[in-house]
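Undergrad: The sequence isn't on hand, but the structure is:
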């Protein structure tokens, strides 16, 4: 059984995703690394997540399927840009790693974690949460089919419990 | 930053500048930032390869990047205003990293927020968008104040030999509105149809 991070990459490949836009998160590290090494993918590092919303819409205008990777704090940076999705009925697939919920050490992550599902839903983006590794591939596949088959915006929330606690105390 | 102020009467007529530019850009895919650049583009002649934004302020350049990466053999033009581009300054860094050969950003720079009462923007107060683009690693940048430079700008866009940003200084005058379609789904579908792409 391959790790869920690699299964996730395989789902993106199977769905012919070509542009992978991201603001880095530890939970996405494996996916970012593999996208950067794949000759048929273009990994695009962003300065802020809202760029990624516009970028994936531009990609679709030109015939490319794209995905946006971010952590939950980034959802708040995207709100007005999400208006592109409903106005133009662009397909949209976002994979969002959650911070600020399971065993969080940093209180500054908590408010946006609490707001993330509501902010997405209030802008019309469907929310699909994954809590266990065995559900990752299936859920992301379903979200991709909804996005690219039905021109819908879909966000998969990868829970902090799935990703694991951030370790603050090792090393220095 | 210096505090030089740019007179609102300096610069080219924006409708004239965009019409001249588009004369030479028949096959170029264009994303227009919200507000006056979209009106100018529409006034120069509506075409299926024009995608007009009516919102999503700050997103035009990033949208152009996604399009340019998807269609590397065709030139992409982002036609936007100084206020819109200032809201998306980070996207210039993102573009400078990717360096798509086929992407050009043309800023119609009147130094004003024209839709909201002509308040001065940062470009009227010393900030240089070509300077930012150059610092972000763009392959070419140019500040344009004369009509005769527009044909060579078009040549540069079509040549697809690097990502670039041009600032065209335009007068901060009110011009009659020329309003393109606001139906984003229709604009998307007609654009994709030119490229032979299905609606879904």
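TA: Cool, the structure landed. Everything numeric in this text was worked out from a predicted model, so none of it was measured.
Undergrad: residues from chain A in reach of chain B?
TA: Contact residues, chain A versus chain B (C-beta under 8 Å from any C-beta of the partner chain): A:18-19, A:21, A:42, A:44-48, A:50-64, A:66, A:80-81, A:83-84, A:87-90, A:149-151. C-beta coordinates here come from the backbone N, C-alpha and C atoms, glycine included.
Undergrad: what's the neighbour count on the nearest residue to residue A:129 once chain neighbours are set aside?
TA: Closest residue to residue A:129 apart from its sequence neighbours, by C-beta to C-beta, 6 or more residues apart in numbering or on different chains: residue A:157 at 4.5 Å. Other residues lying near residue A:157 total 24 when counted by other C-beta atoms under 10 Å in any protein chain shown.
Undergrad: tell me the pLDDT at residue A:157?
TA: pLDDT for residue A:157: 98.
Undergrad: Quick check: it is in a strand.
TA: Yes. Looking at residue A:157 with DSSP: H, G, I helix; E, B strand; the rest coil, it is inside a strand.
Undergrad: Look up how far residue B:200 lies from it.
TA: Going from residue A:157 to residue B:200 by C-beta to C-beta, to the nearest Å gives 25 Å.
Undergrad: cool, residue B:163 as well?
TA: 31 Å.
Undergrad: between these two, who's got more neighbours?
TA: residue B:163 (27 against 11).
Undergrad: Can you name the residues bridging to the residue lying closest to that one once chain neighbours are set aside?
TA: Distances taken as C-beta to C-beta, 6+ apart place residue B:103 nearest to residue B:163, at 4.7 Å, with adjacent residues excluded. Using DSSP bridges, the beta-bridge partners of residue B:103 come out as residue B:76.
Undergrad: where do the strands sit along the chain?
TA: Since no chain was named, I'll use chain A. Using DSSP state E, the strands of chain A run over A:17-22, A:42-45, A:65-71, A:92-97, A:126-130, A:153-158.
Undergrad: oops, I was thinking of chain B
TA: Using DSSP E, strands in chain B cover B:29-32, B:50-52, B:76-81, B:103-109, B:112-113, B:119-120, B:140-144, B:164-169.
Undergrad: export those to TSV and tack on mean neighbour count?
TA: Listed next are these as TSV, based on neighbours: other C-beta atoms under 10 Å in any protein chain shown:
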stretch	mean neighbour count
strand B:29-32	28
strand B:50-52	24
strand B:76-81	30
strand B:103-109	29
strand B:112-113	22
strand B:119-120	13
strand B:140-144	18
strand B:164-169	24
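Undergrad: Would you format those as a markdown table with mean pLDDT included?
TA: A markdown table is the format used below for these (pLDDT from 0 to 100):
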| stretch | mean pLDDT |
| --- | --- |
| strand B:29-32 | 98 |
| strand B:50-52 | 98 |
| strand B:76-81 | 98 |
| strand B:103-109 | 98 |
| strand B:112-113 | 94 |
| strand B:119-120 | 94 |
| strand B:140-144 | 98 |
| strand B:164-169 | 98 |
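Undergrad: nearest to residue B:131, of these?
TA: Among those, strand B:140-144 comes nearest to residue B:131, with 7.9 Å by C-beta to C-beta.
Undergrad: Who does that closest one pair with, and is each partner parallel or antiparallel?
TA: strand B:164-169 (parallel).
Undergrad: List the contacts of the strand it pairs with.
TA: B:6, B:10-12, B:14, B:17, B:82, B:92, B:103-110, B:123, B:128-130, B:133, B:138-145, B:150, B:153, B:156-157 (C-beta atoms under 8 Å, 6 or more residues apart in numbering or on different chains).
Undergrad: What is the neighbour count of residue B:183?
TA: If you count neighbours by other C-beta under 10 Å, residue B:183 ends up with 13.
Undergrad: Flag the shaky bits of the chain, pLDDT-wise.
TA: All of this is about chain A. Applying pLDDT under 70 to chain A flags residues A:1, A:167-172.
Undergrad: my question was about chain B
TA: Applying pLDDT under 70 to chain B flags the ranges B:1-9.
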